[in-house]
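Just need the structure, nothing else, for what follows:
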Amino acid sequence: MLWRCAAIHWHSQLASIPCRCYTCWQCAIATVRSVCMRACMDPTAYQLASLNLWHARLSAVLLACQGQVVGCGVQSIQQQCTTAAESALVVKKLIKLGLTVVGQGSIQPCNYPTLGNNIRNPALGSRLAGGGTSGAVAAIASRRADLAVSSDYLGSLRLPAACMGLYAYVGTPNCLGAFDSKNYVSMPSNSQQDATTHQAAADGTASSSNETAGSDGTAPEMDSDTPSISRTPRSNNIESVGMAAAELPVLCRVAACLGLPGAANLRHEVTQIVVAEDMFQQCDPDMSPGVLVVKRAVLSWAGQEQAGSVQLLDFLAANTHSWKRLAATAGIADSAGSLEKQPSSVVLGALKHAAKLLYHAELADRYSAVAAAASAEELGLEVAAALQSGATTDEQQLALASSVAHETQDVLRTAVKKDVVVVMPITPSAPPRLDASSEQMQSWLDRTHAFAALTALGGCPSVVLPVGTLPDGAPLSLALFGQARTDQRLLAVADRLVPHIQAEFAKLQQQHQQQERQAGAKPGANGNPNEKGS
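Predicted coordinates for the structure are as follows:
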């Protein structure tokens, strides 16, 4: 199936380069939710100007665009969805700046951060693309897009950006506008549900119905005797809006035009950059070149006095308490390791579990009609299981997860000052190969969700930075995060750090090439210089 992809084409008005509309390009497979736009920038005026609208075959986007069909990434219910009466707040802001919405990008069902093995990775076809906002990010990687806008919680936007070697920014919650139900999907409804569903969408509330399908297998299987759970509606959505681009200056300029919080001018300011060492210990060995490059880049820019390391997970373990109760009730210590011997693994597992409890409950409230109308095959086993677990989670577990989130926010707000930027992993390694085992893929995805959970629960802005590639071209990416409402400052630090990262990675490549040449020229045991050593 073909879905239309969101795209923004970027060029300078001063250069007078004519705009080319990719009217025939579509994004393959998956589903739809993120918004991309096509725009020109005048660097002197620091304003964004609009270009022509182009159309592809299908439209269904989670961030609503006025007059566009609003869907949730499930083809069978696409025709039941209605068009948006108005655009999402962030889209309105970008349009006001001069951008014109030109298309919508494919997503995984419900924009869940999956492996994305149903879409080709334009950066390297032999590696996973990363699920979530897959289509719009793939458009950027294919150089058919320059800006994608979507939501992110457990990596829906950051995961595919990291897998494709792109830059991504996820803002402080609500700084790009509240991501409520008026901004996303118009839920499918049957003739008996139309009035209720549309009224719920208009009021910004989501249905908490746990309606299930019968024995025909058209929805995730649930026990028919399980009582439906009535939850108190949450006032704030747990997702944040973010952006992705092939060039970091694009994100910096858009952030400046939108007036995001934080000071972008770093002149006469001291920035302390610390590396979360214990989080990188959860990564695979092939991440070591990227970690080494970033450490050298930090020293090159910030200097010895302003660069440092921190045992972030140990710090959270010592200064928060709710995660211990959550880990005990969920049996996380048994699966992640002993609390005494491996506290970092246990606390990271507890953070991931808390984030998933909140996220799955939100998805179940939001997409209850989707769970009832779509088959488990369409949703995928992971998404179907997430919707089912969210619908059956009890309020005590949700309250405990919320307590973990509040404590994490309080600790990070106190410990991470506005002049501090933390370097952490966004994925445990380069994206897995398509022929990797299911166990390897799941382990990779679980750790990716755990890394994303830290900033999601902490309410911190984050930036994904590509730092280099493996010999086969697989991208390596890391993340920076800072204190809440220091978004522009975080982007500015990333922008200053990138040239140093590129220079250090080039040096590392040269060192490896020199070592390979020396190893190849080493004489063999018989003294023949043309024979390689054993």
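
just the strands in this protein please.
Using DSSP state E, the strands of the chain run over 2-3, 27-28, 31-42, 47-50, 100-107, 148-152, 167-170, 240-245, 272-276, 307-310, 420-425, 462-469, 475-481.

Relative to residue 300, how far out is the residue nearest to residue 302 when sequence neighbours are not counted?
Nearest residue to residue 302 in three dimensions, chain neighbours excluded: residue 273, at 5.1 Å (CB to CB, 6 or more residues apart in numbering). C-betas here are computed from N, CA, C, even on glycine. Going from residue 273 to residue 300 by CB to CB, to the nearest Å gives 11 Å.

Compare those two and say which is more crowded by neighbours.
residue 273 (24 against 15; other CB atoms under 10 Å).

List the residues that contact that one.
Residues in contact with residue 273 (CB atoms under 8 Å, 6 or more residues apart in numbering) are 298, 301-302, 306-308, 420-423, 493, 497.

One more pass at 6 Å, please.
Contacts here follow CB atoms under 6 Å, 6 or more residues apart in numbering; on that basis residue 273 touches 298, 302, 307, 421.

Please name the residues that touch residue 159.
Residue 159 makes contacts with 113, 130, 132, as judged by CB under 6 Å, 6+ apart.

With pLDDT, neighbour count and distance to residue 406 added, can I get those residues in TSV?
Output for the contacts of residue 159, formatted as TSV (pLDDT from 0 to 100; neighbours: other CB atoms under 10 Å; distance: CB to CB, whole Å):
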residue	pLDDT	neighbour count	distance to residue 406
113	94	26	23
130	95	31	29
132	89	33	26
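
Nearest to residue 325 among those?
Nearest to residue 325 among the contacts of residue 159, counting by CB to CB, is residue 113 at 26.3 Å.

Wait, that closest one touches residue 132, no?
Yes: contact criterion CB atoms under 6 Å: residue 113 and residue 132 qualify, at 4.4 Å.

so what's in contact with the two at the same time?
156, 159.

Quick check: the gap between residue 85 and residue 77.
Distance of residue 85 to residue 77, computed by CB to CB: 19 Å.

Name the residue in the two with the higher neighbour count.
Per other CB under 10 Å, whichever of residue 85 and residue 77 has more neighbours is residue 77, with 21 against 13.

Distance of the residue nearest to residue 302 relative to residue 423?
6 Å.

pretty sure residue 428 is in contact with residue 445, am I right?
No: using CB under 6 Å, residue 428 is not in contact with residue 445; the gap is 9.4 Å.

who's more crowded, these two?
residue 445 (24 against 21).

what about the helices in the stretch 351-500 of the chain?
For the stretch 351-500 of the chain, helices defined by DSSP state H, counting those that start in this stretch occupy the ranges 368-373, 376-379, 381-392, 395-415, 438-458, 487-521.

Can you tell me which of the ones you listed is nearest to residue 144?
Among the helices of the stretch 351-500 of the chain, the nearest to residue 144 by CB to CB is helix 487-521 (22.9 Å).

sorry, back to before: including distance to residue 122, could the helices of the stretch 351-500 of the chain go into CSV?
Output for the helices of the stretch 351-500 of the chain, formatted as CSV (distance: least, CB to CB, whole Å):
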stretch, distance to residue 122
helix 368-373, 28
helix 376-379, 25
helix 381-392, 23
helix 395-415, 35
helix 438-458, 20
helix 487-521, 21
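
coming back round to it: out of the contacts of residue 273, which are buried?
Neighbour-count burial (16 or more other CB atoms under 10 Å) applied to the contacts of residue 273 gives 298, 302, 307, 421.
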